[in-house]
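In: need coordinates for the below:
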Amino acid sequence: MKESTFNPAQQEKDISSKIVAGMERVSEVFKVLLWEKAKLVGLSPIQIQILIFIAFHKQELCNVSHIAKEFNITKPTVSDAIKVLDKKELIKKDYSSSDSRSYSIILSDLGADIVSQTYDFSNPLKKQIDGFSTSELESLFGTLSQLIYKLNRNGILSVQRTCYGCKFYQKNQESDYCNLLQKELLNNEIRLDCPEFEEKASG
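Out: So this is what the prediction gives:
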């Protein structure tokens, strides 16, 4: 019972535990900020997240199966959220794919209006992060991007579109290289959500 990242005594002797506890605090900030927007527009946090995701991602990712993976929730939970969004006329279902049973989800004009009111929910957090120096930001980002990749590789995080897991990514000695862009990538050019991401074969 004593061996816990949330035990202050353990945190005092283990910096990894301190970091995990700190990340949990930051995750609480996201929940609070999202709930504030949710109350304003009369939607649930996950409904807002789905609308924002649809607004900024290509259509082939905007379906029930992928959204369930994206937010680590069940397909029935996504389907329930989609039903509400459809009933409120915030989305449209596009059945034009070859599989008549599946559909992709696109925003309606009303949905786009809701996104314009909510997409900036994380700005208070960004404002604080903007206050760090460039070197601090690059160091933090380098650590975060590697952590996301490792969590994905270990099956804890189901979806990631970061360079490290992409078939176009190549490590050249000490530098990172993108074969699609045909350029060396600086640390701050590593992407966490790349539109051109294609998963590399596991091997």
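
In: nearest residue to Asn151 in space, please, no chain neighbours.
Out: To be clear, residue 151 is Leu; Asn isn't right here. What sits nearest to Leu151 in space, not counting adjacent residues and going by CB to CB, 6 or more residues apart in numbering, is Leu157, at 4.0 Å. For glycine as for every other residue, the C-beta is placed from the backbone atoms N, C-alpha and C.

In: so for stretch 147-160, mean pLDDT?
Out: Averaging pLDDT along stretch 147-160 gives 84.

In: I misspoke; the intended subject was stretch 42-53.
Out: The predicted model assigns stretch 42-53 a mean pLDDT of 96.

In: how about Lys69, secondary structure?
Out: helix (DSSP: H, G, I helix; E, B strand; the rest coil).

In: now for it, how many residues are close by?
Out: Residues within reach of Lys69, counting by other CB atoms under 10 Å, total 15.

In: same check, this time on Leu34
Out: Each residue near Leu34 was counted by other CB under 10 Å, and the total is 19.

In: what's in contact with the helix-or-strand element of the chain with minimal mean pLDDT?
Out: Lowest on mean pLDDT, DSSP states H and E among the helices and strands of the chain sits helix 8-13, with a mean of 85. For helix 8-13, contacts defined as CB atoms under 8 Å, 6 or more residues apart in numbering pick out 2-5, 17-18, 21.

In: and the residues you listed, which two are furthest apart?
Out: Among the contacts of helix 8-13, the pair separated by the greatest distance (CB to CB) is Lys2 and Lys18, at 16.0 Å.

In: okay, Met1: pLDDT?
Out: The per-residue pLDDT reported for Met1 equals 54.

In: Asp99 too?
Out: Predicted confidence (pLDDT) for Asp99: 64.

In: thought Ser145 was touching Gly165?
Out: No - the pair Ser145 and Gly165 does not pass the contact test of CB atoms under 8 Å, sitting 10.4 Å apart.

In: which residues in this protein form strands?
Out: Here the chain has its strands, by DSSP state E, at 91-94, 104-107, 169-172, 175-178, 183-185.

In: on that earlier part again, quick one: contacts for the residue nearest to Leu151?
Out: Applying CB under 8 Å, 6+ apart, the residues near Leu157 are 72, 148, 151.

In: rebuild those residues as CSV, extending it with neighbour count and distance to Glu196.
Out: Shown next, in CSV, are these (neighbours: other CB atoms under 10 Å; distance: CB to CB, whole Å):
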residue, neighbour count, distance to Glu196
Asn72, 10, 23
Ile148, 18, 17
Leu151, 13, 22
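
In: these in helices, which ones?
Out: 148, 151 (DSSP state H).

In: out of Lys2 and Lys18, which sits in the more crowded spot?
Out: Neighbours were counted for Lys2 and for Lys18 using other CB under 10 Å; Lys18 has more, 15 against 6.
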